[in-house]
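Student: 3D model of this:
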Amino acid sequence: MNANEKKLEEQYLKKTSHYLNEQISKMEKDIFLDTEKIKEFRRYAWENKGGMDKQELNAVRTSDAQEAMNLLRERTYFKKLLKIKSSPYFASIILEDEQKKKQKLYIGMTYLKDENLDNLIYDWRAPISSVFYDYETGPAKYEAPMGIIESYLHQKRQYKIENQKLLRIIDSSINIDDEVLQEVLASESSDKMKNIVTTIQQEQNSVIRNTKDKHLIVQGIAGSGKTSVALHRIAFLLYKIKNLSSDKILIFSPNQIFTEYISDVLPDLGEENTLQTTFHDYLSKIIKEYKTVESYIDFLNRHYLNQNASIELIKYKQSNAIIKDLENFVSHYEKNTFFKKGFTENKIYEYTKEELNFLFHQRYSTVPFFERLDQMATKFSENNYNGSKKKKATYYKLLLEALEIKKDYKNILKQFYKSIFFKEQITEMEIQKLNNTKMISYDDALLLVYLKGLLEGFYYEKDIEQVVIDEAQDYSYLQYSILSKIFKKSSFTILGDINQNINPFYNYDTLNELTNIFPGKYIELTKTYRSSEEIIEYANQILGLHHICAIRKKVQKPVIIRKNNSTLKEDIQKLRDNYKSLAIITKNTESAKQLYEQLKKDFNLSYVDTNTEEFIKEFAIMPAYLAKGLEFDAVLVYQNKENHFTSNEKKLYYVAVTRAQHELYIYE
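Tutor: The predicted structure is shown next:
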């Protein structure tokens, strides 16, 4: 650009930085004064509460709560301004509206207004900012509160700013896949996932900004940025939806390692981290009949160590078909359970078996089995004790005795396994495993939770408005059925890749199947940004894929295949010298542990197993099913004769090789 244009850009940055510094300084003083004001207000209220009536006390509390809320908002914005202090904005666009009026808009991580309330910087989530991500120069439109705004995009510009100094300006007439993106892709990976605000692509933006559909199902290939998109979508929803806060959003992560890995993204975007959990946590929360529940990873490890008794039995337990079979069993159980006798409580209140059966099978027939007993017990207590529920537990016990059953879910699940509704062969030994009080297997746990939900009603999370599920292909249809009932009013964003399904007992033909449970929009992300073209070509051959498009520039580093391990330590040292992060990925924990014991004398490396919550990313060794969602500069996939990837484990092998960004070594 010419010298005059460059000078104008430098002047705008200087003006913006000056105002930003002033705002930060002013807000620092205001927040301190407001904090002291609230302290003084509360001290006054405490000292004078004896002289206030109830109405005055309520007014004081309301005023205090409002002041505290205002202060919290001010502090949150102040933190965002501190984050952008060094680099106030990263892009600008020149838009011409329908009245032929041109306007230059600067886009940053958060907004900044001057004393006239004009935007010096627009938040990247603002409706008008979407033009930067969605359009090449030419006709463009965006959705504003008043409707669709037609415009013409004359210029897209990106900036590299550090310490409020302009280092570089890049004009891009097409999508953001040129210099800035290539620079990001070429950089070494960090210990934790970073935000991608400056390089969000059009297909990613369509997921991030979608608020029309209650539910989104996203199929994205390895390296397409699914997790980053999910986190940026959360940041966008927090900006877009009124009264939505981080504590009303729940992310289901595959494991604690992954949770730690993504923990910096939302704070980096100026938002609080949301609630995070695993499906295993929910199983453990609902199942009280056992001390522990086998985790999904331990369940997989059991298979990959060849410790499963019956493959077909576990496949059936994980299948879609068993859902209907279990529902039919529960329906039969309910219809064929009758009160064998009546009872008298306190020698006064008598109920005949005919009366009890009428209430149970007709009046309360629309609610789950044990919930009927609960409602009947409540009603009896209230009727007989002037509205009091004090005798509810007594009546509940008497009702169970009159039915001649126990509320024993272990026993009911065993009944299902022995019934005509269970469609697979099962040994008595397998059934008796349920008698174990210490741990229930993962496959039995899913059925036990669904059984409990059918018989007593599903646990309901009323405060969660948005649910995000990553690695969607690892969840069976049964699990989604459970989640849809637990979070029955929540919106779901579900992201996964059927090519990375490492559950040998369950497969999706397409994630579009999930729209049967979560009616909404199905979207595909078809570009990969993680790996070099050479690595992608190798990964494609594993599963016979052709549709993946590599974005990275060629690095001319072919995938290295080793037939023996004579050069293992040399290769490790070379990769350690050249890159910031290296992972050795094996088939299972057994081979990872064995190799770790061999290498730990010569290298400082982390061993990652099912109990690991945090590890050193510089050099780690782990089984493939714990590497999901992670990425490393270089990856060494290690196999030996005892533990190698078989033809039935192609997807697990695909997961292993697609963790690599720049270089991949395969030890066969």
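Student: Which residues are in contact with the nearest residue to residue 351 once chain neighbours are set aside?
Tutor: The shortest distance from residue 351 to any residue other than its chain neighbours is 5.1 Å, reached at residue 342 (C-beta to C-beta, 6 or more residues apart in numbering). C-beta coordinates here come from the backbone N, C-alpha and C atoms, glycine included. Applying C-beta atoms under 8 Å, 6 or more residues apart in numbering, we find residue 342 in contact with 350-356, 402.
Student: Same check on residue 445?
Tutor: Applying C-beta under 8 Å, 6+ apart, we find residue 445 in contact with 283, 287, 293-294.
Student: In strands, which of those appear?
Tutor: Among the contacts of residue 445, the ones falling in strands (DSSP state E) are residue 293.
Student: Considering the contacts of residue 445, which possesses the most neighbours?
Tutor: By neighbour count, taken as other C-beta atoms under 10 Å, the most surrounded of these turns out to be residue 293 (26 neighbours).
Student: For residue 27, see how far away that one is.
Tutor: From residue 293 over to residue 27 the distance is 48 Å, taken as C-beta to C-beta, to the nearest Å.
Student: Can you pull out the low-pLDDT segments for this structure?
Tutor: 33-68, 173-191, 307-309, 547-555 (pLDDT under 70).
Student: mind redoing it with 80?
Tutor: Low-confidence regions of the chain, defined here as pLDDT under 80, cover residues 1, 30-73, 172-195, 255-257, 261, 304-309, 437, 546-556, 610, 613-614.
Student: so where's the longest strand in it?
Tutor: Ranked by residue count under DSSP E, the longest strand found in the chain is strand 147-162.
Student: What helices and strands are in contact with it?
Tutor: Counting contacts by 3 or more C-beta pairs under 8 Å, 6 or more residues apart in numbering; DSSP states H and E, strand 147-162 is packed against strand 91-96, helix 130-134, strand 138-144, strand 165-171, helix 179-186.
Student: swap the cut-off to 10 Å and go again
Tutor: Helices and strands touching strand 147-162, by 3 or more C-beta pairs under 10 Å, 6 or more residues apart in numbering; DSSP states H and E, are helix 3-48, strand 91-96, strand 102-108, helix 130-134, strand 138-144, strand 165-171, helix 179-186.
Student: rewinding a little: adding secondary structure and distance to residue 534, write the contacts of residue 342 out as TSV.
Tutor: Written out in TSV, the entries for the contacts of residue 342 read as follows (DSSP: H, G, I helix; E, B strand; the rest coil; distance: C-beta to C-beta, whole Å):
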residue	secondary structure	distance to residue 534
350	strand	82
351	strand	77
352	coil	80
353	helix	76
354	helix	78
355	helix	77
356	helix	73
402	helix	72
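Student: Next, give phi and psi for the residue sitting nearest the centre point of the chain.
Tutor: The residue at the geometric middle of the chain, judged as the C-alpha nearest the mean C-alpha position with C-alpha atoms, centre = their mean, is residue 251 (3.4 Å). In terms of degrees, to the nearest 10, the main-chain angles of residue 251 are phi -100, psi 130.
Student: The stretch 301-450 of the chain: strands as residue ranges?
Tutor: Remark: strands of the stretch 301-450 of the chain, listed N- to C-terminal, are 343-345, 349-351, 439-440; assignment by DSSP state E, counting those that start in this stretch.
Student: what's the closest of those to residue 310?
Tutor: When those are ranked by distance to residue 310, counting by C-beta to C-beta, first place goes to strand 439-440 at 17.0 Å.
Student: burial of the residue nearest to residue 82 when sequence neighbours are not counted, as a residue count?
Tutor: The spatially closest residue to residue 82, leaving aside those adjacent along the chain, is residue 24, at 6.5 Å (C-beta to C-beta, 6+ apart). Applying other C-beta under 10 Å, we find 14 other residues in the vicinity of residue 24.
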